[in-house]
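Enquirer: Turn this into a structure:
(chains A, B, C and D)
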Protein chains: 2
Amino acid sequence: MDDAAMNSRQQRMSRATLGSSPDASIAQSLSRAIHEHKLTPGLKLGEDELAEVYGVSRTTIRAALRTLAHGQLVEVVRNRGAFVAQPSQKEAQEVFEARELLEPRTAHSAALKAKLKDVERLKVHIEQEHEAMHRGDRGHALYLSGQLHVEIAKIAAQDTITSFIQTLIARSSLVVALYWTRESAICEQHAHDKLVDAIAANDADEAEALMRSHLIDLHSALDLTPPKSAGGSLRELLAGD
Amino acid sequence: MDDAAMNSRQQRMSRATLGSSPDASIAQSLSRAIHEHKLTPGLKLGEDELAEVYGVSRTTIRAALRTLAHGQLVEVVRNRGAFVAQPSQKEAQEVFEARELLEPRTAHSAALKAKLKDVERLKVHIEQEHEAMHRGDRGHALYLSGQLHVEIAKIAAQDTITSFIQTLIARSSLVVALYWTRESAICEQHAHDKLVDAIAANDADEAEALMRSHLIDLHSALDLTPPKSAGGSLRELLAGD
DNA sequence: GCCCGCAAGATTGTATACAACAACGTCTTG
DNA sequence: CAAGACGTTGTTGTATACAATCTTGCGGGC
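Expert: Sure, this is the predicted structure:
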């Protein structure tokens, strides 16, 4: 049963994403799984286990985990292992503050630079997002929803800031997993539609305003006030007894 | 001569920076060397060589190089190795645009939150910077000069943005190494002095304005206009024949 | 009965060994 | 003599083996 399971697993993903660098492919695979909430915050990512799943050695897994750790998607504790990160309320707050600082400005710039080809890609993206939503694949819809923001940043052609936004989107996914209170995410759909329309029309000011209000809306849907425990902070909760 | 050299080297740095994680210490050591322009852009960082210098195995070196690669201080090419990064003019431009977006706002926030203790640390920092400059240790002065910006960001207590700024400062060091045109950096000294004074006085608007003009001043001291070749673009130059 | 210490198991950290790839020089050939 | 093919050498990529550390369950002592 060992070899059969391993082979099928190894075949299943192999190197779907990139032709080179197995560790990069694995990092991306894990990153996506976290984005889609298949791997939830706090989950332990054992090296041996992952090595068996992906059919590579621990060396490769460690490289992938380290990559993710630098992007703050996983937290590695020395001699303890790697866990899917659990941003605190404070960190969650900071992530959205940073987004509110960077993204409206980026949307503005993107609206100015957007070519037809760019707009087409955005619309395809939204289409896939809608489809995933209707299909009931909430995880994938969530992933695409975040990626739309990255795609907009890419249009602005500021690679440095784009990479920052990419990091923030990734962390946002964890924040949503931990602190999201709203039942449905349909509200976002319309926001994204209007945003892309503004970019398509090269209306920079409108795009900036829409992005800002969209982010504020998302931010307000988070429950960041109570210091609720999320698995590892029992000590703090019981400290008052 | 082998063992003697290796031992002395191993002893010399051992783990001066952090008590744990040899790879983190090595990454920091290399990062600092790059900041101080001891390692210049384009330099090859051979794994075996570094392993011997630090007295560890290639495994550890690879982890450190990967960390630096993620911070964009080194570029790793598959099957070719790691090199100190050589940001293009476009990337250099972007780095400073990003700094001009993030840092003034951060300085504003820092000025509002600065406690006496924080200001003290900044002043010590500046003192060291002046001292290094007078001692003629331009590399160390440069390093401290960048770190002052990081320290200011830390006061603003926005860890997410602070880490972005840290990345930008690191890349700025490479940009300066490649495109700096001004002979002396003394002009910065006064800018830093005034900036810290404004923060000490909790004058947020003044701090923000000073930071903005300081960055513009730095930016203007770079030679980013000519598309001069830096080693690998011969093909482009000869494409017109 | 509860708590502290200790040993066994499991997991991560590091080093070493082998495999794969790229760069370079040499040799052959047109 | 120039251009291309091939073997050599050195470097990186990956896997495996061993060492160090943490966790966990058990037993003795207070």
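Enquirer: contacts and neighbour counts: CA atoms only from here.
Expert: Fine.
Enquirer: average pLDDT across stretch A:68-85?
Expert: Average pLDDT, stretch A:68-85: 94.
Enquirer: and the end-to-end length of that stretch?
Expert: The first residue of stretch A:68-85 is 10 Å away from its last residue (C-alpha to C-alpha, to the nearest Å).
Enquirer: in it, what's buried?
Expert: Across stretch A:68-85, burial judged by 16 or more other C-alpha atoms under 10 Å in any protein chain shown covers A:68-76, A:82-85.
Enquirer: The helix of greatest length in chain A: what's the following helix or strand?
Expert: Criterion DSSP state H: the longest helix present in chain A is helix A:89-113. Downstream of helix A:89-113, the next assigned helix or strand under DSSP states H and E is helix A:116-134.
Enquirer: does any part of the helix or strand just after that following helix sit near chain B?
Expert: For helix A:116-134, the succeeding helix or strand toward the C-terminus, using DSSP H and E, is helix A:138-155. No. Judged by C-alpha under 8 Å from any C-alpha of the partner chain, helix A:138-155 stays clear of chain B, getting no closer than 13.2 Å.
Enquirer: Mind giving me the packing neighbours of helix A:138-155?
Expert: Under the contact definition 3 or more C-alpha pairs under 8 Å, 6 or more residues apart in numbering or on different chains; DSSP states H and E, helix A:138-155 sits against helix A:22-35, helix A:89-113, helix A:116-134, helix A:159-179.
Enquirer: returning to that earlier point: can you tell me which of the buried residues of stretch A:68-85 are up against DNA strand C?
Expert: A:76, A:82 (C-alpha under 7 Å from any atom of the strand).
Enquirer: Let's see which of the buried residues of stretch A:68-85 end up in helices.
Expert: Among the buried residues of stretch A:68-85, the members falling in helices (DSSP H) are A:68, A:69, A:70.
Enquirer: which residues does the second one contact?
Expert: This means residue A:69. Applying C-alpha atoms under 8 Å, 6 or more residues apart in numbering or on different chains, we find residue A:69 in contact with A:75, A:76.
Enquirer: same check, this time on the first one
Expert: Residues near residue A:68 by C-alpha under 8 Å, 6+ apart: A:27, A:31, A:74.
Enquirer: make it 7 Å
Expert: By C-alpha atoms under 7 Å, 6 or more residues apart in numbering or on different chains, residue A:68 lies in contact with A:27, A:74.
Enquirer: Next, work out how far apart the residue sitting nearest the centre point of chain A and chain B are.
Expert: With distances taken as C-alpha atoms, centre = their mean, the residue of chain A nearest its centroid is residue A:170 (3.1 Å). Distance of residue A:170 to chain B, computed by C-alpha to the nearest C-alpha, to the nearest Å: 13 Å.
Enquirer: Count the neighbours of residue A:127 for me.
Expert: By the criterion of other C-alpha atoms under 10 Å in any protein chain shown, residue A:127 has 14 neighbours.
Enquirer: swap that for residue A:135, sorry
Expert: With other C-alpha under 10 Å as criterion, residue A:135 counts 11.
Enquirer: hang on, isn't residue A:199 packed against residue A:206?
Expert: No. Using C-alpha atoms under 7 Å, residue A:199 is not in contact with residue A:206; the gap is 8.3 Å.
Enquirer: So these two - more neighbours on which side?
Expert: Set residue A:199 next to residue A:206 and count neighbours by other C-alpha under 10 Å: residue A:199 wins out with 27 against 20.
Enquirer: For the more buried one, give me the pLDDT.
Expert: Looking at residue A:199, its pLDDT is 94.
Enquirer: and it, what does it touch?
Expert: Residues near residue A:199 by C-alpha under 7 Å, 6+ apart: A:111, A:114, A:207.
Enquirer: and the nearest residue to the second one once chain neighbours are set aside, what pLDDT?
Expert: Taking C-alpha to C-alpha, 6 or more residues apart in numbering or on different chains as the measure, residue A:114 lies nearest to residue A:155, with 6.2 Å between them; neighbours along the chain are not counted. In this prediction, residue A:155 carries a pLDDT score of 95.
Enquirer: out of the contacts of residue A:199, which one sits closest to residue B:42?
Expert: If you rank these by distance to residue B:42 using C-alpha to C-alpha, residue A:114 comes first, at 34.3 Å.
Enquirer: Put the alpha carbons of the one helix or strand residue A:191 maps to into PDB.
Expert: Per DSSP H and E, residue A:191 falls inside helix A:186-200. Below are the C-alpha coordinates for helix A:186-200, written out as PDB (Å, rounded to 0.1, in the frame of the first residue of the first chain):
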ATOM      1  CA  ILE A 186     -21.100  37.600  -2.600                       C
ATOM      2  CA  CYS A 187     -20.800  41.300  -1.700                       C
ATOM      3  CA  GLU A 188     -17.300  41.200  -3.000                       C
ATOM      4  CA  GLN A 189     -18.400  40.100  -6.400                       C
ATOM      5  CA  HIS A 190     -20.100  43.300  -7.200                       C
ATOM      6  CA  ALA A 191     -17.200  45.300  -5.800                       C
ATOM      7  CA  HIS A 192     -14.800  43.500  -8.100                       C
ATOM      8  CA  ASP A 193     -17.100  44.000 -11.100                       C
ATOM      9  CA  LYS A 194     -17.300  47.700 -10.600                       C
ATOM     10  CA  LEU A 195     -13.600  47.900  -9.900                       C
ATOM     11  CA  VAL A 196     -12.700  46.200 -13.100                       C
ATOM     12  CA  ASP A 197     -15.100  48.400 -15.000                       C
ATOM     13  CA  ALA A 198     -13.400  51.500 -13.700                       C
ATOM     14  CA  ILE A 199     -10.000  50.100 -14.700                       C
ATOM     15  CA  ALA A 200     -11.400  49.200 -18.200                       C
END
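Enquirer: Make a markdown table from the helices and strands packed on helix A:138-155 and add distance to residue B:224 and mean pLDDT to it.
Expert: Listed next are the helices and strands packed on helix A:138-155 as a markdown table, based on distance: least, C-alpha to C-alpha, whole Å; pLDDT from 0 to 100:
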| stretch | distance to residue B:224 | mean pLDDT |
| --- | --- | --- |
| helix A:22-35 | 33 | 94 |
| helix A:89-113 | 21 | 94 |
| helix A:116-134 | 28 | 91 |
| helix A:159-179 | 17 | 94 |
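Enquirer: That concludes my questions; thank you for your assistance.
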